[in-house]
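Chemist: Next comes the sequence, and after it the predicted model I'd like to discuss.
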Amino acid sequence: MIKRSINAESVGAPPALGHYPHAMQLGELVYVSGQGAFAADGSGIVRGTLAEEMALTFSNISLILKAAGLTLKDVVKVLVFLNDLDEFAEFSELYKGYFPENPPVRSCIEAARLPGDMRVEIEVIALIPED
């Protein structure tokens, strides 16, 4: 079974915040590390509205998937951490725009505090399509 680390800085993804790869391929699955509204230059979290932070988070996820030869359409599972579950309804409405058709399964939990005090952190699992 193939196991390989994926570093996506070459396609413009921000550097990881710690000692871990952007993603790990294991067989036909790619596991993307938790992502947030990280600035591409590594300067930290870009603060904004929930919509703005989600847009940058999904942009970062998309870059990491691109480095693995995948897109958001290949995502099969999403795990969401919100720092305020009162934003769940707004999050869910915005989320529809990222997965308009055939959305992946999803879990969402409230986390008392996220790295860098960001509002949202998202990790995904994607399936490498058969040729």
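Modeler: Now that the structure is in, tell me what you want to look at. Residues are numbered from 1 along each chain as shown.

Chemist: Could you use CA atoms for every contact and neighbour count after this?
Modeler: Noted.

Chemist: Helices along this protein, start to end?
Modeler: 50-67, 88-95 (DSSP state H).

Chemist: which secondary structure elements does the longest one contact?
Modeler: In this case it means helix 50-67. Using 3 or more CA pairs under 8 Å, 6 or more residues apart in numbering; DSSP states H and E, the elements in contact with helix 50-67 are strand 29-35, helix 88-95, strand 120-127.

Chemist: The second one - what's its average pLDDT?
Modeler: Spelled out, that is helix 88-95. Per-residue pLDDT over helix 88-95 has a mean of 97.

Chemist: Show me what that helix is packed up against.
Modeler: On a contact count with 3+ CA pairs under 8 Å, 6+ apart, helix 88-95 meets helix 50-67.

Chemist: Next: the shortest one.
Modeler: Strand 29-35 is packed against strand 23-26, helix 50-67, strand 120-127, with contacts defined by 3+ CA pairs under 8 Å, 6+ apart.

Chemist: Redo these as CSV? Include distance to Pro103.
Modeler: CSV is the format used below for those (distance: least, CA to CA, whole Å):
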stretch, distance to Pro103
strand 23-26, 21
helix 50-67, 14
strand 120-127, 12
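
Chemist: export those to CSV and tack on mean neighbour count?
Modeler: Rendered in CSV, the data for the helices and strands packed on strand 29-35 read as follows (neighbours: other CA atoms under 10 Å):
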stretch, mean neighbour count
strand 23-26, 20
helix 50-67, 20
strand 120-127, 22
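
Chemist: pLDDT-wise, which helix or strand of the protein ranks last?
Modeler: Comparing helices and strands within the chain by mean pLDDT, DSSP states H and E singles out strand 3-6 as the least confident, with a mean of 94.

Chemist: Show residues contacting that one.
Modeler: Applying CA atoms under 8 Å, 6 or more residues apart in numbering, the external contacts of strand 3-6 come out as 21-27, 64, 67-68.
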